[in-house]
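Colleague: Take a look and give me a structure for this.
(4 chains)
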Protein chains: 2
Amino acid sequence: MANGNRGPSMHDVAARAGVSHQTVSRVLNDFPGIRPETRDKVLEAIEELGYRRNLAARALVTGRSQTIGMIGPEIPDIGPLSTLHAVERAARDAGLHTMMTSADPSAASVRDALEFLVGRSVDAIVLVAQQRSVLEALAGVDPRVPVIHLLTGGEPAGSAASIDQRAGARFAVDHLIGLGHTRIQHVAGPLTYIEAQLRRDEFRSATAEAGLPELEILEGDWTTDSGFAAGARLDPSATAVFCANDDMAFGLIHALATAGRSVPGDLSVVGYDDTATSRHSLPPLTTVRQDFEAVGRRAVELVVAHVAGESPAAQLIAPELVVRASTAAPSS
Amino acid sequence: MANGNRGPSMHDVAARAGVSHQTVSRVLNDFPGIRPETRDKVLEAIEELGYRRNLAARALVTGRSQTIGMIGPEIPDIGPLSTLHAVERAARDAGLHTMMTSADPSAASVRDALEFLVGRSVDAIVLVAQQRSVLEALAGVDPRVPVIHLLTGGEPAGSAASIDQRAGARFAVDHLIGLGHTRIQHVAGPLTYIEAQLRRDEFRSATAEAGLPELEILEGDWTTDSGFAAGARLDPSATAVFCANDDMAFGLIHALATAGRSVPGDLSVVGYDDTATSRHSLPPLTTVRQDFEAVGRRAVELVVAHVAGESPAAQLIAPELVVRASTAAPSS
DNA sequence: GGGCACCCTGTGACCGGTCACAGTCCAGTC
DNA sequence: GACTGGACTGTGACCGGTCACAGGGTGCCC
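Modeller: Numbers count the residues shown, from 1 in each chain, chains lettered A, B, ... in the order given. You can find the predicted model right below:
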């Protein structure tokens, strides 16, 4: 085995066990029809040499790598990160592995990431496509493997694992309307995000259908700071605010407290995400829970189906309203 | 190129450009001494065929994959996740790529993850080792590649990228002492975590050196819920609390508010992490900032150094105290 | 005893790159 | 005109697995 420091190969194991390399391969791949003593000899040799199969060699000949490539955003948001993390765990349960790379929303960056993963012979790609520009980057590109979109929140395409953003926004607005609010304002996320667009659109539809007045829609950038800034620009007549995520809701509540206004006494606030802190913020935040875990599992199901040549039915994951103490009936 | 749906190979490109496969390889690897017309012909053929180099083949022959393997925790905490994310970006800047897998803290799980990554011919491994059991799992294992530990927060070993936990805890306690507090209590993280141990140990040292009385140390599990629970078990005489992370601090503050006690009026609270919400919680939280981004970059520096055969000097990353509105001088 | 099936194992080609080693061609020199 | 050297390109082995196929035994039947 004088092969540098590369570690033992299948041939080394074969030589030690006194069999052929092919027999070693068969043992490793659980082929039937190996005599028990032979199998034991091979396993023993593997143990003694500390042999580990080289997956590059395997991928080279099979053309498949049992690996899912993941393309994440450059910014470390807990939502996408925990979703990708869930993909990793679900993939492992399915006997697959994952490889992650990240890309900014530019077409060039997304294509680079695709190139890299395809070059690594991944069997499928899971792409966090929160922004429309990411989807557009794929136009005219043939990735040669199935591509699953994550967290678009949009149309229930068969190759996307997403949460139903419209339903979530509808829950939030209906909750406020149910409490008796009629002057409801919205702090949207950055509208380059499909999720932000969908929540805003559904906010508009829901308030319009209820015959409520249209208050100005403010646009934040998901951060607590932008929520704080939005707090200063609220419509004075608003009695409730639906924020497109929890972080902006926290910033907004802070701004309100600074201005001497209480939540929910003076103003009701609903968030979106149900982050770790939401259940113990002051006041605990009414919000919409997104099951990122489920998105991850769904993504792996889609990968498995596509690799097997199936075309699974479209299906959005339903969010859930969590009512806490930041919402109440209007005071007047 | 009738090779199934595997895509064109280097030989296909060579045939189309009318050169040998070796010339194609030279063009791809930027070897000097290629006639410009030849290079152009090759690049054109690559373009036309949509050729992408197969990295499995390359990894097989070179024995190196230009890839860093990362082992993360099973639980999606923002700290480790954003650190790993930072590793990914720093690696990309260094021309490397990453592959991620996760493991629970058991020895078997950590070893499986190592096996997998080594089998994938990674050039180095970055391991989130927040718990001592993870480090112990490595005892007696020869991974055959450099292993960099992440976020142990402990001893400044040359192969670890960590934040100086002792310094951070010292900042927090000194800040409270500086405000005049003498009865300071600590809500520790789960003590299976090295970070939690170090913060607690330093809390003890700092208070003992200042001659302060020893109040009971409560143990949480990092979650807001456990902070909330700790709120009910606080020493009635305490005037300040140092929480081992921000989430527990939020839970604690919520519990205090529920009991009618105000922060910082009745009690000062310091957190640890400086999460996204900390700057806009009620009140904005005094905390210790950890630069996860820097840890990620440092990890990649260490990888590059180790792969080059160097043994870089030990160096911990300094945390930073961020003073906000949750701390004040004791009221009495 | 020969033939045949079945069980188990071995042989060699091949995946798509890189590496080491040879060429081939042309200009410059004696 | 033959010789040398540099610039450029080609040839074949090899990395470590898997695949297709070809054996060598043994037991059973005719």
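
Colleague: make it CA atoms for all contacts and neighbour counts henceforth
Modeller: Will do.

Colleague: residues near the nearest residue to residue A:165 once chain neighbours are set aside, how many?
Modeller: In this structure, residue A:165 finds its nearest non-sequential neighbour in residue A:153, 5.4 Å apart by CA to CA, 6 or more residues apart in numbering or on different chains. Neighbour count for residue A:153, taken as other CA atoms under 10 Å in any protein chain shown: 25.

Colleague: Now name the helix or strand holding the spatially most central residue of chain A.
Modeller: Nearest to the geometric centre of chain A sits residue A:83, at 3.4 Å (CA atoms, centre = their mean). Secondary structure assignment for residue A:83, by DSSP states H and E: helix A:78-93.

Colleague: what's downstream of that helix, the next helix or strand?
Modeller: strand A:97-103.

Colleague: Quickly run through the sheet partners of that next one, with directions.
Modeller: Partners of strand A:97-103 in the sheet, by DSSP bridges, are strand A:67-73 (parallel).

Colleague: rewinding a little: give me the distance between the residue nearest to the centre of chain A and chain B.
Modeller: 9 Å (CA to the nearest CA, to the nearest Å).

Colleague: Just to check, that residue is in contact with residue A:299?
Modeller: No: the pair residue A:83 / residue A:299 is not scored as a contact, 9.5 Å apart, by CA atoms under 8 Å.

Colleague: Run a quick neighbour tally on the residue of the stretch 51-200 of chain A at minimum distance from DNA strand C.
Modeller: Among the residues of the stretch 51-200 of chain A, residue A:61 lies closest to DNA strand C, at 3.6 Å counting by CA to the nearest atom of the strand. As a burial measure, residue A:61 scores 12 neighbours (other CA under 10 Å).

Colleague: Also residue A:328?
Modeller: 24.

Colleague: what ranges do the helices span in chain A?
Modeller: Counting by DSSP state H, chain A has helices at residues A:10-17, A:21-28, A:36-49, A:55-62, A:78-93, A:107-119, A:132-137, A:165-178, A:194-209, A:224-232, A:246-258, A:292-307.

Colleague: how about residue A:153, what does it touch?
Modeller: A:130, A:162, A:163, A:164, A:165, A:194, A:195, A:198, A:316 (CA atoms under 8 Å, 6 or more residues apart in numbering or on different chains).

Colleague: Kindly report the same for residue A:231.
Modeller: Residue A:231 neighbours (CA under 8 Å, 6+ apart): A:251, A:252, A:253, A:255, A:256.

Colleague: Residue A:164 is in contact with residue A:195, correct?
Modeller: No: using CA under 8 Å as the test, residue A:195 is too far from residue A:164 to be in contact (9.2 Å).

Colleague: more crowded one of the two?
Modeller: residue A:195 (27 against 23).

Colleague: From residue A:135, how far off is that one?
Modeller: Remark: distance between residue A:195 and residue A:135 (CA to CA, to the nearest Å) = 13 Å.

Colleague: Over to residue A:96?
Modeller: From residue A:96 to residue A:135 the distance is 25 Å (CA to CA).

Colleague: for residue A:235, same thing?
Modeller: 35 Å.

Colleague: what does residue A:274 give?
Modeller: In terms of CA to CA, residue A:274 sits 27 Å off from residue A:135.

Colleague: So which of the two has more stuff around it?
Modeller: Between residue A:274 and residue A:135, counted using other CA under 10 Å, the more crowded position is residue A:274 (21 against 17).

Colleague: and residue A:290, what is it in contact with?
Modeller: Counted by CA under 8 Å, 6+ apart, residue A:290 has contacts A:163, A:273, A:274, A:318, A:319, A:320.

Colleague: Is it possible to get a markdown table of those residues that adds pLDDT and distance to chain B?
Modeller: Output for the contacts of residue A:290, formatted as a markdown table (pLDDT from 0 to 100; distance: CA to the nearest CA, whole Å):
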| residue | pLDDT | distance to chain B |
| --- | --- | --- |
| A:163 | 94 | 19 |
| A:273 | 95 | 13 |
| A:274 | 96 | 13 |
| A:318 | 95 | 21 |
| A:319 | 96 | 20 |
| A:320 | 97 | 20 |
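
Colleague: Which among those count as buried?
Modeller: Burial by neighbour count, 16 or more other CA atoms under 10 Å in any protein chain shown: within these this picks out A:163, A:273, A:274, A:318, A:319, A:320.

Colleague: State the pLDDT value of the residue nearest to the fourth one when sequence neighbours are not counted.
Modeller: What it means is residue A:318. Nearest residue to residue A:318, sequence neighbours excluded (CA to CA, 6+ apart): residue A:164, at 5.6 Å. Here the pLDDT value assigned to residue A:164 is 94.

Colleague: List phi and psi for residue A:164.
Modeller: phi -80, psi 100 (degrees, to the nearest 10).

Colleague: Would you mind listing what in chain A touches DNA strand C?
Modeller: Residues of chain A found near DNA strand C (CA under 7 Å from any atom of the strand) are A:18-23, A:32-35, A:37-39, A:57, A:60-61.

Colleague: Which residue, other than its chain neighbours, is closest to residue A:66?
Modeller: residue A:96 (5.2 Å).

Colleague: just residue A:67 next, same as before
Modeller: Nearest one to residue A:67, counting by CA to CA, 6+ apart, is residue A:97 at 4.6 Å.

Colleague: So which residues on the stretch 1-150 of chain A come close to chain B?
Modeller: A:6, A:52-57, A:59-60, A:63, A:74, A:76, A:78, A:81-82, A:85, A:88-89, A:97-102, A:115, A:118-121 (CA under 8 Å from any CA of the partner chain).

Colleague: of these, buried ones?
Modeller: Buried among those by 16+ other CA under 10 Å: A:52-57, A:59-60, A:63, A:76, A:78, A:81-82, A:85, A:88-89, A:97-102, A:118-121.

Colleague: and DNA strand D, which of the residues you listed contact it?
Modeller: Among these, DNA strand D is touched by A:52, A:53, A:54, A:55, A:57, A:60 when using CA under 7 Å from any atom of the strand.

Colleague: In a markdown table: the residues you listed, plus pLDDT and distance to residue B:311.
Modeller: Shown next, in a markdown table, are these (pLDDT from 0 to 100; distance: CA to CA, whole Å):
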| residue | pLDDT | distance to residue B:311 |
| --- | --- | --- |
| A:52 | 88 | 27 |
| A:53 | 88 | 29 |
| A:54 | 89 | 28 |
| A:55 | 86 | 29 |
| A:57 | 91 | 31 |
| A:60 | 89 | 34 |
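
Colleague: closest to residue B:174 among those?
Modeller: Nearest to residue B:174 among these is residue A:52, at 51.2 Å by CA to CA.

Colleague: OK, contacts around the closest one?
Modeller: Contacts of residue A:52 by CA under 8 Å, 6+ apart are A:7, A:8, A:9, A:46, B:115, B:118, B:119.

Colleague: Can I get those residues in JSON lines including pLDDT?
Modeller: Supplementary listing: these in JSON lines, determined by pLDDT from 0 to 100:
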{"residue": "A:7", "pLDDT": "83"}
{"residue": "A:8", "pLDDT": "90"}
{"residue": "A:9", "pLDDT": "92"}
{"residue": "A:46", "pLDDT": "93"}
{"residue": "B:115", "pLDDT": "81"}
{"residue": "B:118", "pLDDT": "82"}
{"residue": "B:119", "pLDDT": "77"}
